[in-house]
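Engineer: quick check, what structure comes out for this input:
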Amino acid sequence: MTPPAPVRPWRRAGARTLVRDRWIHLRAEAWETGVGLRLDPWYMLDWPDWVHVVALDAADRLVLVRQFRPGAGAAMLELPGGAMEPGEADPLAAGRRELLEETGFDAAEWHPVAALSPEPAHATNRIHFLLALGAAPARPQRLGPGEEIAVELHPLAAVLAGLEGGLLGHAGHVGGLLLALRQAGRIRF
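Structural biologist: Presented below is the predicted three-dimensional model:
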């Protein structure tokens, strides 16, 4: 078998800002591929890093949230989480803040799981998946303007059984959930 040819790095040949606000920076960039092909425009998104929390309570139930997602046109069941605030450098602290705000739950134990790219071809941010064990209600939700979030507790076995049917509709959340559950010793692969 012939070894594969090495993948040559691309070279950025320029960039222009199309949209910039507090949430997003959208650029149209020009790139030259490793074989010399020019791709222009190549759209890039600068988002803040995100945190998503896999929170398990003492009864082995997942603390999940349901909220309307315009891209899907439906209310989706998801992991709690959101964007890290400007100046926030610690994903664990950001995850705890997001879990408290969105659900009113806190947890006795916090562990980092993985920091992954949500879309490496076009997005520059990372998703920090966190594991929170011993989750329990701590205070009322503190939702921001425009947030309508329902908190739901789902038995772990029921969530795992529902993954293939789309119970959690966000593909990234499924991957982060599985990695966190493996770290927690709840599943093996």
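Engineer: run through the helices of this structure in chain order.
Structural biologist: Secondary structure of the chain (DSSP state H): helices at 91-103, 156-162, 171-183.
Engineer: can you list the ones you listed in CSV and add mean pLDDT?
Structural biologist: Formatted as CSV, the helices of the chain follow (pLDDT from 0 to 100):
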stretch, mean pLDDT
helix 91-103, 98
helix 156-162, 98
helix 171-183, 97
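Engineer: just these: most buried one?
Structural biologist: helix 91-103 (a mean of 21; mean count of other C-beta atoms under 10 Å). C-beta coordinates here come from the backbone N, C-alpha and C atoms, glycine included.
Engineer: what's next to stretch 77-86, contact-wise?
Structural biologist: For stretch 77-86, contacts defined as C-beta atoms under 8 Å, 6 or more residues apart in numbering pick out 23, 47-55, 63-67, 91, 94-95, 97-99, 102-103, 105, 128, 152, 154, 167-170, 173, 176-177.
Engineer: swap in 7 Å and give it another go.
Structural biologist: Residues from elsewhere that reach stretch 77-86 (C-beta atoms under 7 Å, 6 or more residues apart in numbering): 48-55, 63-66, 91, 94-95, 98-99, 102-103, 152, 167-168, 170, 173, 176-177.
Engineer: quick one: which of the helices of the chain is nearest A13?
Structural biologist: Taking C-beta to C-beta, helix 171-183 is the member of the helices of the chain nearest to A13, at 30.2 Å.
Engineer: quick check: the gap between the most centrally placed residue in the chain and L177.
Structural biologist: Nearest to the mean C-alpha position of the chain, counting by C-alpha atoms, centre = their mean, stands I127 at 4.5 Å. For I127, the distance to L177 equals 12 Å [C-beta to C-beta, to the nearest Å].
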